[in-house]
Each structure stands twice: as C-alpha cells, then as structure tokens.
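Asker: no letters, just coordinates:
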C-alpha cells in the first residue's frame, strides 16, 4: 500500500475555527510522519495546481489558531463541477503523490468529495492523454476522503455542532445584548436578522440565549396564517406586563405556513402598523462569520482535525468517505454522503411545507429548545392548573458562575408556568438562616439571561450544628416542597447534608443540584455552567498577551483558576496554542522543569519568538507561578525573557457565553421536570444533574459518598484528561509528552 500523503483544503463560505482544523491536520500528520500539503483557494486550488498546492510542516501553521476565516483561502469553483476540472485536479494530486484529502466546508463542498468515485477513471484518462505517467498513477491508485463541517449555520447531519456555529452565536448574542440596552432606554422595538439559510439554529439559540421576545425560523412558522397579528398580540401583552422593549429575531430563511418568505422589513412594517411602535432593523450579515474563533470552535476544529488524520491513517483505503464530527461530546465518523443526503432532506421537507417533518429531522434537542423558548417569551404564566400548586425554592451556593442567572430565569418561569409558586432564596443557605426569601413573579427575572454573576447572591457557607435546625424550620415555615440548588462544591455538600437531615426527619423534600462553577470539578457532571465563559475569558486574555510579545523574544507563564481541577488550564492551553500545560492532576517535577527549560532554549535558539506556558493555580505547592517564572528567567539568559500573568477573578466575571446560556436553559428545564415528577412520587429522591457522556443524567445524591470525603475532587471522573496527548501533538513537540 502506498505511503499516505494527504492534502487539506477549505471550501465554500469561511467559518471561524477552520484555521484550528487546518493546524490540527498538519500537526497531527507531521507528528505521525505523514506527508501533508495544503491547498489554497479550495477546489480551485486543486485545479490550478502549481504553488497553490504546497508541502507544509508543523512550523508553517504556527500562529494561526486565533485567526478568523481561513488562512489557506476558500473560493467557489464552477470549474470543479465539470469533468475537465476534476480531471485536472486529479492530475495535480497524483503528480504529487497525494492519495488522501481532508475537505473542510459546508454541504456543497463536501458533496464535491464524490470526485473520489471518479478517481480511477480520471487517472486512466490522464494517462491515455499523456498528461500523467503510469508510475504516478500507480503510486496513487485510490483517493481517501474525509470531511469536516465548517459552517456557521449548524445545518449538517453527522455532527451536533459545526465548526464556526458557536462563534457566530457569540457575535449574535453580543450584538443583541447591546441592542437590548438601547431598546430598553427608548422603549423601542428591534428586529434582528441573522444568517442560517434553511436552518433556524442561529436564530433559535440566539433568541433563547438573549431573551428575545419572538423568533421566526424556517422549520416552525407561527401556527396561523396571520402571523403578523399573532406576533403583535404577543408583544403587546409583554408591553402591558411591564416589559420596556421588544426584540424579534428573524432567520434569513424564515417563512410562513404557505412557504412564503418572511423578511425583516415585513416584520418591521407589521410592528409599526399594528402596534404603532418605533421599530428598527439590524441585519447582522457577515459580521457573524468574522473575528477570532471562540474557545469551543478552536477545540472543535482541533479535535476533529486530529481525528480526521487518525482515521485516514487507520482506515481501509477502500472505505467510503466519512464525515468527522461530534455527537454527545464524542468524536464520531459517519458516511459522508449519508450526512449530505439527510441534510438536503430538511430543505426538501421545507419546500413541501412539511414543517413537522423538518422539526423531526432537526432532532429532539432543537425541538425541545423551541418549546422552551415559546414558554419563556410569554407575558405571563399559563392559566393555573386544576391541582393545587406546590412551592419550590431556588438558591445558589459556592462561587459565582456566569450562567447562574440564566438558570434561575428559566427554572422560575417553568415552575410558574406549571402552576407553582417560586421562592428565590438570597445568598444561598445563609438566606434560609436569615429568612431572606422572596416570592418570584413572572417578570422578576426578566432580563437576567445575559447577566453575569448571581443576582440571587451566593455564599460558600457550610451550615453546622444549630444552623441546620434553623434551616429545617425555614423549609417547613415556607412549606417548600422541592429545592433547586444551582452552584458548586459547597452547595453540593450542603445539599447532601440537608437531604440526609430531611430524610431522617421524615420530610420528603427532593433536592436537585445543578452544576455551576468555572472550575468544572463537580461529581456526576462532565461540564458545569460557567466553565465555557471562563474559558473564553482566558483565551481572549491570552491572545492579547501573545500579541504583546510580537516584537520580542519572550516566554509567558499564565496562571489560571480551577482549584484542584486542571480543566481550564488544559482546555485553554489547547485553545491558545500553549507549549506547556501544568495541571494539578499531574503536579510539577524538577525533571519536567529541566526538560522544559532545555526545550525552550533549543526553540528560541532556532528562531522562536514566543513561548507560552499555562499553569493551573494549584498545579504544585512548591513550584509556584513566581518560582517557575524566576527559574525560566534565570535559565533563559540572553535567549529570551519571561513574564508572568495571573488572570485572577476576571475569569468568574462577564456576561455568560452563548454556550453557558443554552446549557443553563437545558439543565434548568430538565431540573424542573425532575422536581415536578419527584414531588408527586411516593418516595421522592434527591439528585445531581449533569451532562455525563453527552447525556443529561440524574445521579442519586444520597448514594454519592465522595461528597463527604475530604479529597473528593481527586476521585472525580475527568474524561477531559484524555486530551493531554492531543495537547502534546498540537504543541509541535516530540519526545517530551505530557504525563499520561
């Protein structure tokens, strides 16, 4: 079998994170001794050949991780649609011995991989025309193909998220958050149009994340032919309930029940004519594609690019082309053309006005988000149910985490919409001691979706002794039937103790602990609310730090938070291109420091201008950030200088990221459903809710002994630690891997 020589190209519309994928493909191939080339200008580069197809190494893709767009370019190629164009492309690949192709693009670009089926015939034609030698044709008898989805639309089957979609959501939420402020100031209505073609993902999730009052998407038009009146009536109710502004998000492909396009201009006209409101239109356009990729898109591009090369290296050359994506946070491979066909099926359902079918094809998560949004945008709760309402308390405990407020807004409204009373308990368990309890109304948490911090307040108090008796009395006094605790480690431990005391006292009050901490160190949860926002904050700051060193030879030691968990350090190191990452799970040894010093001296002596080390705050008690900085400064000599940066509590602040807002919404929805079931059960149980293996999972709170163990954090399941080897590959280092 011929040695593998792969080429990577980007095609179609650009998407943030494409550069991360290109970098991962090149560095993974280089790490495994596989020849790798980049193709500039997409399929057009395959046809033109020449310098547009060039061999590269790991050094050639340094410094591109944080850049938006695609550094190797993308172009529409009508010529590739013709057989002559594909024959020329095959010739250019075969001449260079390239026998594998990684295509990063949307569904149109990935359809072009059908070119693989023609490969043998194209080579035969080239040989018969004297345009390719028989030896060159024999060296590349087959063409292996894998595809990665680079598209902001998130409209491709085979992956839960496409490269670029998360960054586009960042741009949308940033814009809408800003618009909310001016809209409220003037009691004005805004119409925001977002991209997405036939997919309403950006509009729906952008609306869900920002608290938009009405969303129009292709897959689920208003269930009336008079959508204008339905929309205006809903917004008018919101105004009458005290809402100062209205915001409508329109997907560019939105349509009514008859299949007619709904434009932002039509929405504006309807609002002005029926409500008499001053209305403005904002069309976000290509700003949604621009800017530096989010931490998630850097991660997604990296893990998928790495997996693409590993797949090509291990797959049977005769295997049909595969699409590499993620499902439930696991990297998966799916037959490429099956994914393309199922993606096109949605457009076919929409063209046939089969909107229910289109929603089914989008999946349960998409449909569930739509239903949740419809509840949240109501001006008031649904009419009371026949059965007697229950009382549910909501509180925080632990450090503040971005996304806490989103979870409170969602949970309180869902409880109230089901006919129940909600008590907001301020300052955690301390609020129960002080009887600082507020009865929520429908509009109490209005506007909280975008707020950082914790409007209810939070404390790390661990009640003791008689304090527990007071708390039990407060729960009885307020007739609390169920409790939702949104917070971190101290909240979980307090919840565990409270559940035991309630059970011993014969009181059936189920508790759900919902994970919210930037440290991402909680049991029964792979991903906590707040960690994505913190990660983006770190990556943004590190990008700036790296830019400050452009004109010097400098190594930075950046300390990030995380307590005893290295999640933020490892993920930010991957997303920012760090050469070294020090984790509390591994510690730091003198031998490792000596190895790192030798490696840095060698690199800087060879022309390197920037070094980056990410150190988790509790990586080692002896080898502190200052110690490491001083040591490197001493040993760097004339080759490089060293600076340290301790990012501190800025990582806990700021508006929550779209990911954390959406995650908070989904977790809160599941927590409410669970508590509503448990309060009606004969033997209710308390639980911890979290994403485990990509699935929403409830774990019995009473059966989790590590919550009372002093070293509990170190007994956690931490699947993200498997990324350490990937961090080594992406650093471009060889022979000095991170500890296993």
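Answerer: Yes, it's here. All values derive from a computational prediction rather than experimental measurement. Residues are numbered from 1 along each chain as shown.
Asker: starting at the chain centroid, how far to the helix or strand where residue 423 lies?
Answerer: Per DSSP states H and E, residue 423 falls inside strand 421-425. Averaging C-alpha positions (C-alpha atoms, centre = their mean, to the nearest Å) puts strand 421-425 31 Å from its chain's average.
Asker: kindly report the same for stretch 720-727.
Answerer: 18 Å.
Asker: do stretch 63-81 as well
Answerer: 22 Å.
Asker: from residue 454, how far out is the residue lying closest to residue 648 once chain neighbours are set aside?
Answerer: The spatial neighbour of residue 648 that comes closest, neighbours along the chain excluded (C-beta to C-beta, 6 or more residues apart in numbering), is residue 561 at 7.6 Å. Backbone N, C-alpha and C define where each C-beta goes, glycine included. Computed as C-beta to C-beta, to the nearest Å, the residue 561 to residue 454 distance reads 17 Å.
Asker: and the two? which has more neighbours close in?
Answerer: Counted by other C-beta atoms under 10 Å, residue 561 and residue 454 do not tie: residue 454 has more neighbours, with 28 against 22.
Asker: dump the residue contacts of the residue lying closest to residue 353 once chain neighbours are set aside.
Answerer: Of all residues not flanking residue 353 in the chain, residue 259 sits nearest, at 5.2 Å (C-beta to C-beta, 6+ apart). Listed by C-beta atoms under 8 Å, 6 or more residues apart in numbering, the contact set of residue 259 reads 350-351, 353.
Asker: residue 259 looks like it's in a strand, true?
Answerer: No: assessed by DSSP: H, G, I helix; E, B strand; the rest coil, residue 259 does not belong to a strand; its assignment is coil.
Asker: so what pLDDT did it get?
Answerer: Looking at residue 259, its pLDDT reads 90.
Asker: for it, phi and psi?
Answerer: phi 90, psi 10 (degrees, to the nearest 10).
Asker: low-confidence stretches in the stretch 101-250 of the chain?
Answerer: Residue ranges of the stretch 101-250 of the chain with pLDDT under 70: 112-113, 184, 186.
Asker: now with 90, please.
Answerer: For the stretch 101-250 of the chain, the stretches flagged by pLDDT under 90 are 106-115, 139-140, 180-189, 196-198, 223-225, 238-246.
Asker: which parts of it are strands?
Answerer: 144-149, 189-194, 214-216, 246-251 (DSSP state E, counting those that start in this stretch).
Asker: please work out which of the ones you listed is packed deepest.
Answerer: strand 144-149 (a mean of 29; mean count of other C-beta atoms under 10 Å).
Asker: parallel or antiparallel, list what pairs with that one.
Answerer: Strand 144-149 pairs in its sheet with strand 100-105 (parallel), strand 322-327 (parallel), by DSSP bridges.
Asker: of the ones you listed, which stretch is the most buried?
Answerer: strand 100-105 (a mean of 29).
Asker: give me the contact list for that strand.
Answerer: Counting by C-beta under 8 Å, 6+ apart, residues outside strand 100-105 touching it are 4-13, 18, 21-22, 25, 42, 70, 74, 93, 109-110, 112-113, 116, 143-151, 163, 305, 308-309, 312.
Asker: list the ones among these that fall in helices.
Answerer: 18, 21-22, 25, 42, 93, 109-110, 116, 305, 308-309, 312 (DSSP state H).
Asker: rewinding a little: in a markdown table: the strands paired with strand 144-149, plus distance to residue 430.
Answerer: Shown next, in a markdown table, are the strands paired with strand 144-149 (distance: least, C-beta to C-beta, whole Å):
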| stretch | distance to residue 430 |
| --- | --- |
| strand 100-105 | 51 |
| strand 322-327 | 40 |
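Asker: residue 638 is nearest to which of those strands?
Answerer: strand 100-105 (41.4 Å; C-beta to C-beta).
Asker: nearest spatial neighbour of residue 241, skipping sequence neighbours?
Answerer: residue 379 (4.5 Å).
Asker: report the secondary structure state of the one you found.
Answerer: Reduced to three states by three-state DSSP, residue 379 is coil.
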